[in-house]
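**Student:** need coordinates for the below:
(one chain, ligands or ions: 1)
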Amino acid sequence: MIVQTKYFGMMILRGYFNMKTKSLLRISCSFLFVMVLLFPSYDSFAQKSQIEVEKRGVVVYPSDLTSVGCEKWVNMANDAGLNVIALHSDTRLETLPKLKAFLESEQGEVFLAECKKYGINVEYELHILMELLPRQLFNQHPDFFRVDKNGKRNSDYNMCFTSKEALKIVKKNVVEMAHWIKPTSHRYFFWTDDVQLYCNCTECGIYSPSEQVLLYENSILEALKEYDPKATVAHLAYVETVVPPEKVKPLPGIFLEFAPIQRDYSKPLNDKLKTHLKINLEIFPPETAQILEYWLDVSMFSDWKSDKLVKIPCSKEQCRRDVVLYESMGIKSITTFGAWINGNYIQKFGEDYSRKILREYGEVLNNE
Ligand SMILES: [Zn+2]
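**Tutor:** Numbers count the residues shown, from 1 in each chain. I've put the predicted structure just below:
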């Protein structure tokens with residue numbers, strides 16, 4: 001009897017536990033099922049939930065557009081969910097006069113009209129200082145120009161950033177330029193020349209490269225605001241100027257543009273660059289800051305050799321990894337170079353591939 005009681009007691013207990021286990025299992029399974037429905041996978045949830053990029057851009061040369069046809073290029077950008085196309089000029093590959101010729105051409109008109117049709121902002125990201133301070137002024141005013149490492153005034157690139165007279169000329173010329181370079185967003189990217197050469201005169205010598213550049217950017221903002229009250233001006237943090245400025249403060253209306261060209265795309269942004277970006281975001285407002293990346297920069301990945309075009313080595317996952325980081329730092333504006341996604345590129349790798357890389361980039365920015 002005692003044995004039987006024990007036996008039945010055990011049976012009852014076992015049944016109780018079985019029921020409890022089954023209920024628990026059922027509840028757990030239902031919970032997991034709901035979780036799976038809500039969140040396709042933990043990884044994608046963690047990666048995707050936070051992305052909210054307002055300005056989604058690409059930076060190209062005018063010749064990229066014309067070699068494909070402006071209508072088609074703008075259509076590719078629109079299909080990718082991008083809402084900013086910026087034209088680029090520099091001191092090496094495609095200069096400012098080429099940009100001007102493009103904007104005055106029929107293709108330029110088509111480009112602007114197509115962007116307007118799709119609600120895409122048009123901007124201009126330009127290495128432009130040598131155009132704003134004409135080099136022929138050197139003979140009369142060597143003091144306008146930078147002191148090089150040998151202690152000599154040199155008109156090759158950039159300027160003496162503390163020369164008030166030189167800045168006056170720059171301010172006058174920047175307004176003239178704004179008469180034909182008209183960003184629809186009122187964001188001006190009138191960068192210094194594409195070199196790491198700054199001024200070593202006694203006055204400039206106390207300032208770091210980013211501080212010298214900020215003196216110039218503050219001046220052009222003052223001038224542009226008189227012409228275009230909505231004007232804002234980019235502070236380009238790039239190579240040496242990624243180091244945050246300390247002795248010079250940005251005027252309201254200067255926004256950070258962080259372009260980490262020196263990074264390794266197989267790895268997340270390194271700690272040094274991340275720290276520079278973090279401190280820059282304590283100096284410049286995060287809500288107006290823009291990242292200028294190189295995820296789709298065919299020219300850079302092809303080592304700037306147009307006869308050796310390569311496929312983009314950055315994956316969608318790598319791009320997403322970076323965007324998640326930038327977004328977590330409060331950045332709402334992201335663009336990438338897409339230089340040399342052009343006629344030659346489409347000929348070599350096909351239109352489908354070219355559309356695919358743009359689309360995948362757009363999908364990341366649109367949280368897809
Ligand atoms: Zn100087």
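**Student:** what pLDDT does residue 90 get?
**Tutor:** pLDDT, residue 90: 89.
**Student:** ok, and the closest non-adjacent residue to it?
**Tutor:** Once flanking residues are discounted, residue 90 sits nearest to residue 127: 4.5 Å by Cβ to Cβ, 6 or more residues apart in numbering. For every residue, glycine as well, the C-beta is placed using N, CA and C.
**Student:** residue 346 now?
**Tutor:** Counting by Cβ to Cβ, 6+ apart, the residue nearest residue 346 is residue 354, at 5.2 Å.
**Student:** and the pLDDT at residue 23?
**Tutor:** On the pLDDT scale, residue 23 gets 52.
**Student:** one more: residue 13?
**Tutor:** For residue 13, pLDDT reads 39.
**Student:** all helices for this protein, in order.
**Tutor:** 2-38, 42-48, 62-68, 70-79, 96-104, 106-118, 129-132, 164-178, 209-227, 271-283, 298-301, 316-328, 343-349, 351-365 (DSSP state H).
**Student:** how close does residue 264 get to residue 279?
**Tutor:** Remark: distance between residue 264 and residue 279 (Cβ to Cβ, to the nearest Å) = 21 Å.
**Student:** so which bits of the chain are right by the ion?
**Tutor:** Applying Cβ under 5 Å from the ion, we find that the chain lies next to the ion at 160, 162, 199, 201, 204.
**Student:** just the ones of those residues in strands?
**Tutor:** Using DSSP state E, no member of these falls within strands.
**Student:** select only the buried ones of the residues you listed in ChimeraX?
**Tutor:** Buried subset of those, written as a ChimeraX selection, criterion 16 or more other Cβ atoms under 10 Å:
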select :160,162,199,201,204
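**Student:** excluding chain neighbours, what is closest to residue 255?
**Tutor:** Distances taken as Cβ to Cβ, 6+ apart put residue 288 closest to residue 255, at 3.9 Å, once the chain neighbours are dropped.
**Student:** residue contacts, that neighbour?
**Tutor:** 232, 255-256, 333 (Cβ atoms under 8 Å, 6 or more residues apart in numbering).
**Student:** quick one on the thing from earlier: quick one: which of residue 264 and residue 279 has more around it?
**Tutor:** Of the pair residue 264 and residue 279, residue 279 is the one with more neighbours under other Cβ atoms under 10 Å, namely 15 against 9.
**Student:** what pLDDT does the residue nearest to the spatial centre of the chain get?
**Tutor:** Taking Cα atoms, centre = their mean, the centroid of the chain lies closest to residue 292, which sits 1.7 Å from it. Residue 292 carries a pLDDT value of 98.
**Student:** and for residue 33?
**Tutor:** Taking residue 33 on its own, its pLDDT is 47.
**Student:** list the buried ones in stretch 291-307?
**Tutor:** Of the residues in stretch 291-307, those buried (16+ other Cβ under 10 Å) are 291-299, 301-302.
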